[in-house]
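Asks: have a look; sequence and predicted model below, questions after that.
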Amino acid sequence: MGRDNLVILVDMNNRYKTLEILYSIVQDTPSPTRYSCKPNQIILRQTLPWDSIIVHLQELANEQLVNFKQHGVDSTVTLTEEGLQYIKSGALKMQK
């Protein structure tokens with residue numbers, strides 16, 4: 001297994017950590033699924049580079065757990081109702 005393959009495996013295992021971080025940002029807002037999170041809010045809480053975080057957000061969007069609108073520095077991420085229920089159901093703990 002080459003180094004590139006190892007990076008992909010590590011990233012796949014961390015996408016739910018990115019989801020957890022997004023939830024930690026929005027959980028205390030009046031409407032967690034309507035709060036538009038900016039990239040810098042995630043970057044400050046995640047130890048991975050932005051390129052890896054983008055991959056996570058795209059994967060989470062494919063699973064319909066987040067809405068990810070990528071527009072450079074004006075990108076936004078919103079937790080979907082499905083994503084909120086996924087976290088609250090405890091399914092995230094089973095992924096670890």
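Replies: It's in.
Asks: only C-alpha atoms for contact and neighbour calcs from this point on.
Replies: OK.
Asks: for the closest residue to residue 14 other than its chain neighbours, pull up the helix or strand it's in.
Replies: Among residues not flanking residue 14 along the chain, residue 56 sits closest, at 7.5 Å (CA to CA, 6 or more residues apart in numbering). Using DSSP states H and E, residue 56 sits in helix 50-62.
Asks: circling back: how much space between the residue nearest to residue 14 and residue 31?
Replies: 23 Å (CA to CA, to the nearest Å).
Asks: what of residue 89?
Replies: Taken as CA to CA, the span from residue 89 to residue 31 is 18 Å.
Asks: more neighbours: residue 56 and residue 31, which one.
Replies: Using other CA atoms under 10 Å, the more surrounded residue of residue 56 and residue 31 is residue 56, with 21 against 9.
Asks: so residue 56 makes contact with residue 15?
Replies: Yes. Counting by CA atoms under 8 Å, residue 15 is a contact partner of residue 56 at 4.6 Å.
Asks: neighbours of residue 50, how many?
Replies: Under the criterion other CA under 10 Å, the count of neighbours that residue 50 has is 14.
Asks: quick one: contacts for it?
Replies: Residues near residue 50 by CA atoms under 8 Å, 6 or more residues apart in numbering: residue 43.
Asks: where does this protein have low pLDDT?
Replies: 1-13, 91-96 (pLDDT under 70).
Asks: and residue 78, helix, strand or coil?
Replies: Secondary structure, DSSP: H, G, I helix; E, B strand; the rest coil: residue 78 is strand.
Asks: residues touching it, list them.
Replies: 33, 34, 35, 36, 37, 66, 67, 68.
Asks: quick check: nearest residue in space to the fourth one, chain neighbours excluded?
Replies: It stands for residue 36. residue 78 (5.1 Å).
Asks: what is the nearest of the contacts of residue 78 to residue 83?
Replies: residue 66 (6.2 Å; CA to CA).
Asks: got a list of what the nearest residue to that closest one once chain neighbours are set aside touches?
Replies: Leaving out its chain neighbours, the residue that sits closest to residue 66 by CA to CA, 6+ apart is residue 79, at 4.5 Å. The neighbours of residue 79, taking CA under 8 Å, 6+ apart as the test, are 22, 23, 32, 33, 34, 35, 65, 66, 67.
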